[in-house]
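In: what would the 3D arrangement of this be:
(chains A and B)
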Amino acid sequence: MRLSDAWLLWKKILVGLIVTIVPLAILASGLWITQRFAGSHARSKQDSTKQVTYAN
Amino acid sequence: MQIDPVVRKSIFKGILLSVLLYALPVALLFLSFSLRGESPWRNPLSSNQTWLLHRWNDYGVSAFILLLGVVEFVLGLYDRDRWDGNEKLTDIVCFAFPLIIVRPFFTYFGLKVLPFLLPGHKNIFAWVPFWWGFFIICIADDLTQYWYHRLHHQLPWLWRFHRTHHSAPYMGMSMASRQNAFYTIFFSQTYLTSALVYLGLGPSALIVHATKSMITTMAHSSITWDKPLYKYRILHPVAWVLERLISTPATHHAHHAASTNDGIGYYKGNFGNMFFLWDVMFGTAHISRQYPAAYGISHYERDPWYAQFLWPVLKSKVEGSELAASGPIVKEDKVQELNAPEPTPGNEVFA
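Out: Down below sits the predicted model:
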C-alpha cells in the first residue's frame, strides 16, 4: 500500500461521509421540525379543546 | 481521469432531486400530523412482535439466503467451469466477511460510537409511528445506497473498490455480498440507518433490512423468478409495475452484463438495490425483459481473491489488471464503451 492508495481511501471515506451526513441532516432536522411544530400545534389544539370541555 | 461532462451534469441534477426525495417522507409526516391534528405518538410494538422481528432478521433472512444457494446449486445454475477455486474463495470470503466482521463492527458503532457522537439523542424520534418509520428508512437506506453504488460506477477513481462485485462471470445469490472489504465497511447507508436506529427508528429498520435483503438476493440470484411475468400476457401489468418498482433479475442481471449498449446488457445504469424506482426517476433505467448472454467484465484477468477482497492494501500480480500496482484506473475498452452513444431503442422498453 502506497501513499497514493491511502489518499484514495481517504477520498473514498470523505465521499461516503457526505453521502451519509446530508440525508441524515435532512431527515433528522425534518423530524425535529415535525416534533417541534406539528406536535406543539396539535397539543395547543388539544389543550384548547380540554378547556372548552372543562368550561362546559 | 476526468468525469464525462454529461455524467457530471446528470449527477448534479440527481443530487438536487434526491434532496427533495429525502425530505418527502418527513414533509408528508409533518403534513399528516398537522392536518389530522395529531400529536406525534408512538405505536409501540408488543414484545412478541419485536421478538419475531429480531428473529426473522437474525435467522429468517440468513436461512432464506442459504436455501436459495442450495436450490441454485441443486438446479445446476452455477456454471462449474467458470466457478473455479479462485472464484469460490472470493465468493466465500466476501460472504463470510459481513457476517463475522462487519456485523459486530456495526453493532459496536451503534452501541459505543453513536452515543459518543450524538449524546443524549438516543430514541428521541421513537414517537415516529412504525409505518412512517418504514417509509423513512426505505428512502433513507435505499436512496443512499443507490448513490453510493452509482458514484462507484461513475467516478472513475472509485470503480476499483466496486470491481469485485462485477468480476464474476456468473450470477448467483452469493453475488449480493461479493464486494471489496472497503466497499462493504464504508457502506454509507449502513451508517445512516444505524444512526436512525439510534435515534429511535429501530423496529422499522429491521423490517426494511429483511425486505431489502430478500429483494437484492433474489435480484442477483440465477433463479429468474420474473420470467413468467413477461411470458404470460395476463401478468404483463404486474410485470410493468414490479420492474419499475423493485430490482428484478432481468434489470439487475443487465447491470452485471459483460457488455453494454447491446439492447440487453446495461452496466451504465440499473443501479437500484431494493428499489428500481430510483433508476426510473434519475434516468439510469434500462428495461429489456431479457437476460444477458454473458456476465462479468469483458477484460477480467481472474485476479487472485485476496487482491479482489483487499485492494488497495493487497494488489493483483496480474500484469495490466486494474487491481495491479501499475494497472490502469479503468481499462481503455471500458472507457470507450462507457462513452459510446446510447443505442436506438428497438425491442427494449426504456423506462
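In: tell me the SS of the residue of the stretch 201-350 of chain B found nearest chain A?
Out: Nearest to chain A, among the residues of the stretch 201-350 of chain B, is residue B:312, at 3.9 Å (C-beta to the nearest C-beta). Bear in mind the C-beta positions are built from the backbone N, C-alpha and C, glycine included. Recorded secondary structure, residue B:312: coil (DSSP: H, G, I helix; E, B strand; the rest coil).
In: which residue packs closest to it, ignoring adjacent ones?
Out: residue A:5 (3.9 Å; C-beta to C-beta, 6 or more residues apart in numbering or on different chains).
In: next, count neighbours for the residue of the stretch 201-350 of chain B closest to chain A.
Out: The tally of other residues near residue B:312 (other C-beta atoms under 10 Å in any protein chain shown) stands at 20.
In: quick revisit: secondary structure element holding the residue nearest to residue B:312?
Out: Taking DSSP states H and E as the definition, residue A:5 sits inside helix A:3-33.
In: so for that helix, what's the average pLDDT?
Out: Mean per-residue pLDDT for helix A:3-33: 96.
In: same question, stretch B:205-218
Out: In the prediction, stretch B:205-218 has an average pLDDT of 92.
In: is that stretch up against chain A anywhere?
Out: No. Counting by C-beta under 8 Å from any C-beta of the partner chain, chain A is not contacted by stretch B:205-218; separation bottoms out at 12.6 Å.
In: mind listing residues that contact stretch B:157-165?
Out: A:8, A:11-12, A:15, B:1, B:90, B:94, B:149, B:151-153, B:175, B:178-180, B:182-183, B:297, B:308-309, B:311-312, B:322-323, B:329-330 (C-beta atoms under 8 Å, 6 or more residues apart in numbering or on different chains).
In: how near is residue B:190 to chain A?
Out: In this structure, residue B:190 and chain A are 9 Å apart, going by C-beta to the nearest C-beta, to the nearest Å.
In: give me the neighbour count for the residue of chain A found nearest chain B.
Out: In chain A, the residue that lies nearest chain B is residue A:30 (2.9 Å; C-beta to the nearest C-beta). Neighbour count for residue A:30, taken as other C-beta under 10 Å: 20.
In: so what's it up against?
Out: B:23, B:25-27, B:29-30.
In: just put those in a markdown table and tack on neighbour count and secondary structure.
Out: Shown next, in a markdown table, are the contacts of residue A:30 (neighbours: other C-beta atoms under 10 Å in any protein chain shown; DSSP: H, G, I helix; E, B strand; the rest coil):
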| residue | neighbour count | secondary structure |
| --- | --- | --- |
| B:23 | 17 | helix |
| B:25 | 22 | helix |
| B:26 | 24 | helix |
| B:27 | 14 | helix |
| B:29 | 22 | helix |
| B:30 | 21 | helix |
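In: the residues you listed also near chain A: which ones?
Out: B:23, B:25-27, B:29-30.
In: nearest to chain A: which residue in chain B?
Out: Minimum separation of chain B from chain A (C-beta to the nearest C-beta) falls at residue B:26, amounting to 2.9 Å.
In: tell me, what's the model's pLDDT at that residue?
Out: Residue B:26 is assigned 94 on the pLDDT scale.
In: again with residue B:251
Out: For residue B:251, the pLDDT comes out at 97.
In: other residues contacting stretch B:110-123?
Out: B:194-195, B:197-200.
In: and the end-to-end length of it?
Out: 12 Å (C-alpha to C-alpha, to the nearest Å).
In: same check, this time on stretch B:273-293
Out: Using C-alpha to C-alpha, the two ends of stretch B:273-293 sit 22 Å apart.
In: stretch B:122-137 now?
Out: 17 Å.
In: chain A next: which of the contacts of stretch B:110-123 are close?
Out: The subset of the contacts of stretch B:110-123 within reach of chain A, by C-beta under 8 Å from any C-beta, is B:195, B:199.
In: would you mind listing what in chain A touches chain B?
Out: Residues of chain A that fall close to chain B, judged by C-beta under 8 Å from any C-beta: A:1, A:5, A:8-9, A:11-13, A:15-17, A:19-20, A:22-24, A:26-28, A:30-31, A:33-35, A:37-39, A:41-43, A:45-46.
In: the residue nearest to residue B:212 when sequence neighbours are not counted: what's it in contact with?
Out: Among residues not flanking residue B:212 along the chain, residue B:274 sits closest, at 4.3 Å (C-beta to C-beta, 6+ apart). For residue B:274, the contacting residues are B:138, B:141-142, B:145, B:211-212, B:215-216, B:246-247, by C-beta under 8 Å, 6+ apart.
In: for residue B:87, which non-adjacent residue is spatially closest?
Out: Closest to residue B:87 by C-beta to C-beta, 6+ apart is residue B:168, at 6.2 Å.
In: please list all residues in contact with that neighbour.
Out: Counting by C-beta under 8 Å, 6+ apart, residue B:168 has contacts B:82, B:87, B:90-91, B:175, B:178, B:256, B:295-296.
In: cutoff 7 Å now
Out: When contacts are counted by C-beta atoms under 7 Å, 6 or more residues apart in numbering or on different chains, residue B:168 is found next to B:87, B:175, B:178, B:295-296.
In: adding secondary structure, write these out as JSON lines.
Out: Putting those into JSON lines (three-state DSSP) gives the following:
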{"residue": "B:87", "secondary structure": "helix"}
{"residue": "B:175", "secondary structure": "helix"}
{"residue": "B:178", "secondary structure": "coil"}
{"residue": "B:295", "secondary structure": "strand"}
{"residue": "B:296", "secondary structure": "coil"}
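In: I appreciate the help and will end here.
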